[in-house]
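Asks: coordinates for the following, if possible.
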Amino acid sequence: MVKVSLKGDVREYEAGTTVAEIAKSIGAGLYKAACGGKIDGEAVDLRTPVTKDCALEILTFDSAEGKHAYWHTTSHIMAQAVKHLFPGAVFAIGPAIENGFYYDMDLPRTLTPEDLEKIEAEMKKIIKENLPLEKFELTPEEAKEMMEKDGQIYKVELIEEHSNKGEKISFYRQGDFTDLCAGPHLMTTGQVKAVKLLNCTGAYWRADANNKMLQRVYGISFPKASELDEYVTMLEEAKKRDHRKLGKDLELFTIMDEGPGFPFFLPKGMVLKNLLVDYWRQIHREAGYQEISSPMILSRKLWERSGHWGHYQQNMYTTMIDDEDFAIKPMNCPGGILVYKTKLHSYRDLPLRIGELGLVHRHELSGALHGLMRVRCFTQDDAHIFMTPDQIKDEIKGVVRLIDQVYSTFGFKYHIELSTMPEDHMGDESVWETATEALRNAIVELGYDYEVNEGDGAFYGPKLDFHLTDCIGRTWQCGTIQLDFQLPERFELEYTGADGAKHRPIMIHRVVFGSIERFIGILTEHYAGAFPMWLAPVQVKILPISERNQEYAEKLEKALVSAGLRVENDLRSEKIGYKIREAQLQKVPYMLVVGDKETEQENVAVRSRKDGDLGSMGVKEFIAKVQQEITDKA
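Replies: Numbering: from 1, shown residues only. Below is the predicted model of the structure:
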């Protein structure tokens, strides 16, 4: 018998009882909803036998791991449907992703929207058949032979890579379809209730442009049709808010063929960008940060010492200067470290908080580029904190409070994720454990909930990631706090302690916006281009009704500009209705209609983007109203 702790309730089962059978013993409802399990914190398949005393959690669709199993199963259903319709299909990989799943496939022709409808219809037939998923294992030789018989060359390549480990290879079978897969999966295809295929794009095998271009089909599925309907509605809303379209319509930014992945900011976009920079500088001054600027190009020797040359070189742009290798910085941290080393430090100098709005460049594949969300150069709002060991917890708390202040200002909710040591890392595991516990303890003491993302830390340290939720429910990873014991060691950083001896400081890497460019993209979609008054590139549009009102309109413009407002004056000889509609499309917060009455009384007829017609108002009264709105960052 084994003892199984289920949320503190300890039950006994015969050794070898599966996770699915335990779920069934608790209740039919839980068994029906179960997507997977978690044994002692590790996600497992429902078919996994419990062979020792453990803590067990039954995963449903409400959990991230449960969704992963649900969507992974749906990707297999899609592959089976494709195989029915295209018997010669060759499959690459088909993982679950943050929202849904995809499968990369080598097909005899390019898929059309009509093909996606046919595949979706075939998937629904497979779901209706309620096929059980059966797991089995083969030796690498047997696995390779089976995949070769079916012409699955990409699977063969994956098996050959794995065969060096000598471990057995796992497969899942559902009806007439078998796929190489580690799982976990649902028990049957019938557990998937509502499915939709979203789109098809190109994707190189292994993301390498030298390899063949495959077709990647994306999809989503849910346990309830109503949840799918809500998701589709959200996608439709997201299309309306697409920052690429709004960026063009509102004249914020553009990306040209001459610089793919390198955004051009237009005058109105620069207003928005500079407002965010000014806000960043203000809150960081108040939080005790000093601002620096480090060079954009630095020697290969520096990047070798920092570890980036060995761990990150594929994402770096390099060049030769005086017959030596240099790299355009992909990160600001080594520059911040060199600044620390320009002078001797005492424990009395610490914590030392150094901020930098540094332009960094990273090589991204062309297929991954997406407006401002994924670019090849961006302004990272970095800061590095150098501190003593006993200052770690307070400094982490200080950064968390600063991030909370910023996200609250923009109206974002967020959740925190703790990312632990990756396989490719620097330093001893004991140091990583110390750093991870420091991050964990700080957020627990602040009263925050968090999720653990195993193995997703930076190569030099664990981190806290802050995921924003926008107004239509999408999440964006922006802020991060990385605790680093490694780079201070590699760069031999020192401070003199109270005991007069030399000590090694600990370092925090952190960003709040993440990148100014991406944050602008997120804000544009969050607000649907209707920026709050303090951020709007044009805050007030003056609309004279006729030519005889233009002189007063120009006088009014000078008064508003003198009051610090950003103003445009529409002096075109167009009808007032046309001018109002155009100002509304440009999402200007306030329109001031100026006719004969306003000219005579020297006041304004105010129209608010949000509240409509506000009636007549004195100029001073209007200025006071909007200045307060700007001050409050409403």
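
Asks: who does I508 form a beta bridge with?
Replies: Beta-bridge partners for I508, by DSSP bridges, are I385, L483.

Asks: wait, D613
Replies: Beta-bridge partners, per DSSP bridges, of D613: R607.

Asks: ok, the one 5 residues further on next?
Replies: Note on G618: beta-bridge partners N603, judged by DSSP bridges.

Asks: what does T469 give?
Replies: Beta-bridge pairing for T469 (DSSP bridges): K413, T475.

Asks: who are the contact partners of it?
Replies: For T469, the contact set (CB atoms under 8 Å, 6 or more residues apart in numbering) comprises F412, K413, Y414, H415, T475. In short, each C-beta sits where N, CA and C put it, glycine included.

Asks: could you report the neighbour count for the third one?
Replies: Read it as Y414. Neighbour count of Y414, defined by other CB atoms under 10 Å: 19.

Asks: surely it touches L464?
Replies: No - Y414 lies out of contact with L464 (CB atoms under 8 Å); the separation is 11.1 Å.

Asks: tell me the pLDDT of the closest residue to K193 other than its chain neighbours.
Replies: Using CB to CB, 6 or more residues apart in numbering and skipping the chain neighbours, the partner closest in space to K193 is P223 (5.2 Å). Looking at P223, its pLDDT stands at 96.

Asks: and for L592, the neighbour number?
Replies: When neighbours are counted by other CB under 10 Å, L592 registers 25.

Asks: tell me if it really is in a strand.
Replies: Yes - going by DSSP: H, G, I helix; E, B strand; the rest coil, the assignment for L592 places it inside a strand.

Asks: going forward, begin numbering at 8 instead of 1
Replies: All right, first residue 8 from here; so that's L599.

Asks: what's near enough to touch the residue nearest to K200?
Replies: With CB under 8 Å, 6+ apart, P230 has these contacts: A40, F68, Y77, Q198, K200, A201.

Asks: who are the contact partners of L530?
Replies: Residues in contact with L530, defined by CB under 8 Å, 6+ apart, are F417, F538, L542.

Asks: looking at the residues you listed, which are in helices?
Replies: Judged by DSSP state H, these include no members of helices.

Asks: where is pLDDT lowest across those residues?
Replies: When the contacts of L530 are sorted by pLDDT, the bottom entry is F417 at 94.

Asks: look up how far K125 lies from that residue.
Replies: According to CB to CB, to the nearest Å, F417 stands 43 Å off from K125.

Asks: more neighbours, those two?
Replies: F417 (19 against 16).

Asks: quick one: the more buried one and H533 touch, right?
Replies: Yes - with contact defined as CB under 8 Å, F417 reaches H533; the gap is 7.3 Å.

Asks: where along the stretch 258-407 of the chain do the strands fall?
Replies: Ranges of strands in the stretch 258-407 of the chain, per DSSP state E, counting those that start in this stretch, are 260-261, 271-272, 297-298, 304-306, 324-328, 331-335, 359-368, 384-394.

Asks: looking at the ones you listed, which is buried most?
Replies: Among the strands of the stretch 258-407 of the chain, judged by mean count of other CB atoms under 10 Å, the one packed with the most neighbours on average is strand 384-394 (a mean of 23).

Asks: what about the protein, any weak spots by pLDDT?
Replies: Confidence mapping of the chain against pLDDT under 70 gives the ranges 170-173.

Asks: how is it divided into domains?
Replies: 9-67, 72-246, 257-302+337-533, 547-639 (automatic domain parsing).

Asks: which one of these lies closest to H315?
Replies: Among the domains of the chain, domain 257-302+337-533 comes nearest to H315, with 6.8 Å by CB to CB.

Asks: need the domains of the chain in JSON lines with distance to E311, can you?
Replies: Output for these, formatted as JSON lines (distance: least, CB to CB, whole Å):
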{"stretch": "domain 9-67", "distance to E311": "36"}
{"stretch": "domain 72-246", "distance to E311": "25"}
{"stretch": "domain 257-302+337-533", "distance to E311": "10"}
{"stretch": "domain 547-639", "distance to E311": "47"}
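
Asks: ok so E496 is a helix residue?
Replies: Yes - under three-state DSSP, E496 sits within a helix.

Asks: neighbours of it, how many?
Replies: A count of nearby residues for E496, using other CB under 10 Å, gives 16.

Asks: for G190, helix, strand, or coil?
Replies: Following three-state DSSP, G190 is assigned to coil.

Asks: correction: the previous question concerned F473.
Replies: What three-state DSSP gives for F473 is strand.

Asks: so what's it closest to, chain neighbours aside?
Replies: Nearest one to F473, counting by CB to CB, 6+ apart, is G486 at 3.6 Å.

Asks: list the contacts of the nearest residue to L145 once chain neighbours are set aside.
Replies: Spatial nearest neighbour of L145, chain neighbours left out: I176 (5.4 Å); criterion: CB to CB, 6+ apart. Residues near I176 by CB under 8 Å, 6+ apart: E144, L145, T146, P147, E149, A150, I166, H169, S170, L187.

Asks: thought the fourth one was touching I166?
Replies: Yes - with contact defined as CB under 8 Å, P147 counts as touching I166 (5.9 Å).

Asks: and the two? Which one has more around it.
Replies: I166 (22 against 18).

Asks: and the more buried one, how far from L279?
Replies: 51 Å.

Asks: please apply the same query to A442.
Replies: 36 Å.

Asks: so these two - more neighbours on which side?
Replies: A442 (25 against 21).

Asks: which SSE is the more buried one in?
Replies: When elements are assigned from DSSP states H and E, A442 belongs to helix 436-452.

Asks: distance from that helix to the middle of the chain?
Replies: Its chain's average C-alpha position is 23 Å from that of helix 436-452, according to CA atoms, centre = their mean, to the nearest Å.

Asks: contacting residues around that helix?
Replies: By CB under 8 Å, 6+ apart, the list of residues contacting helix 436-452 reads 399-400, 403-404, 407, 423, 425, 427-428, 432, 457, 464, 468-471, 488, 490-493.
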